[in-house]
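Student: This is a predicted model, with the sequence first.
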Amino acid sequence: MNRIDPELFAACFSSWVAECWPDKPDLVAIDGKTSRRSHDRKRGQKALHLVSAFATTRRLVLGQEATEEKSNEITAIPALVERIDLEGALVSIDAMGCNPDIAQSILDAKADYLLAVKDNQPTLHAEIKSYFDTAPSDKVEQSRTTEKDHGRLEIRTHTVSHEVDWTTPERSYPGAFRFPKLTTVAMVESRIERGDKIEAERRSYISSRILSAQAFADAVRSHWAIENNLHWTLDMTFNEDQSRLRAGHGAKNMAIVRHFALNLVRQADDKRSIKRRRKRASWDPEYLFQILSPLRR
């Protein structure tokens with residue numbers, strides 16, 4: 001495992017996913033996760049950071065790209081996008097991926113982007129906030145959701161606009177937008193009430209797809225599936241953060257193996273939890289054979 005070429009192994013994984021589950025993904029979330037115990041202080045080796053693409057509606061890992069630092073996601077994401085089939089998908093990324101080159105790489109893959117905008121794009125971030133503060137009602141569309149749970153009330157207002165000609169053009173491309181094919185600007189306003197405590201938050205987004213307020217709300221909510229259904233599962237069910245593999249390519253390749261296993265176990269046709277499916281597969285050969293069936297295609 002330490003000697004296998006991790007780039008070749010990752011490419012094989014993506015090809016396997018495309019062959020076993022050929023349906024085109026509609027919503028894809030891209031995000032990074034650090035394997036906490038994969039560092040080696042004596043050798044000056046930093047912890048492995050893996051950027052993954054996750055089909056949120058199918059709950060399938062589509063591919064991954066390894067990097068040594070979170071800051072390197074900017075270069076890792078285009079390499080990942082190039083390797084997997086994203087045609088027709090809406091690809092959501094947090095503020096780390098709010099970069100014109102990343103946006104272009106997604107468009108080159110015949111997909112659309114939905115990027116969170118924060119202060120790493122200070123001018124654009126300020127422009128979007130200012131626009132929604134003054135935009136006339138006939139230029140925006142809104143959708144509102146309310147959730148109550150365990151004494152917590154959260155009201156989310158999703159606002160979109162397709163008026164984008166006010167954005168600052170890129171200096172090197174006169175008359176063109178900073179981000180290619182920018183079509184929609186959007187904002188989420190959250191109001192959270194816990195007893196007497198009230199919290200408010202505003203988050204800004206841009207997209208190359210013409211999104212309704214409801215479609216935008218669905219896509220933003222879907223993005224968090226990569227945290228809940230991938231990263232959390234890897235930590236709590238597969239104990240990824242406890243893995244101390246450090247030699248050779250072991251950490252990178254075993255991270256891919258866990259993605260193989262998660263995709264297989266998750267597609268089992270029963271109502272058991274992932275933890276119970278893994279346990280049963282360890283003592284029931286027929287059930288194990290059923291889970292491994294996509295590998296035999």
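Tutor: Now that the structure is in, tell me what you want to look at.

Student: From here on, just use CA atoms for contacts and neighbour counts.
Tutor: Will do.

Student: Please name the residues that touch residue 116.
Tutor: With contact taken as CA atoms under 8 Å, 6 or more residues apart in numbering, residue 116 is in contact with 92, 93, 94, 95, 97, 98, 203, 204, 205, 206.

Student: The protein: strands as residue ranges?
Tutor: With DSSP state E applied, the chain shows strands at 27-34, 49-55, 60-67, 90-93, 112-117, 141-149, 152-161, 184-194, 197-207, listed in chain order.

Student: Run through the stretch 151-297 of the chain and note the low-pLDDT ranges.
Tutor: Within the stretch 151-297 of the chain, the stretches with pLDDT under 70 are 168-177, 242-247, 296-297.

Student: Quick one: the helices in it, in order.
Tutor: Counting by DSSP state H, counting those that start in this stretch, residue ranges of the helices within the stretch 151-297 of the chain are 213-223, 225, 232-236, 250-266, 274-283, 285-291.

Student: Same list, the ones you listed, but as JSON lines with distance to residue 160 please.
Tutor: Shown next, in JSON lines, are the helices of the stretch 151-297 of the chain (distance: least, CA to CA, whole Å):
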{"stretch": "helix 213-223", "distance to residue 160": "6"}
{"stretch": "helix 225", "distance to residue 160": "22"}
{"stretch": "helix 232-236", "distance to residue 160": "30"}
{"stretch": "helix 250-266", "distance to residue 160": "34"}
{"stretch": "helix 274-283", "distance to residue 160": "37"}
{"stretch": "helix 285-291", "distance to residue 160": "42"}
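
Student: do you know which of those helices lies nearest residue 28?
Tutor: Each of the helices of the stretch 151-297 of the chain was scored for nearness to residue 28 using CA to CA, and the closest is helix 213-223 (7.5 Å).

Student: Now do that closest one against strand 112-117, angle only.
Tutor: Counting by axes from the mean of the first three to the mean of the last three CA atoms, to 10 degrees, helix 213-223 lies at 80 degrees to strand 112-117.
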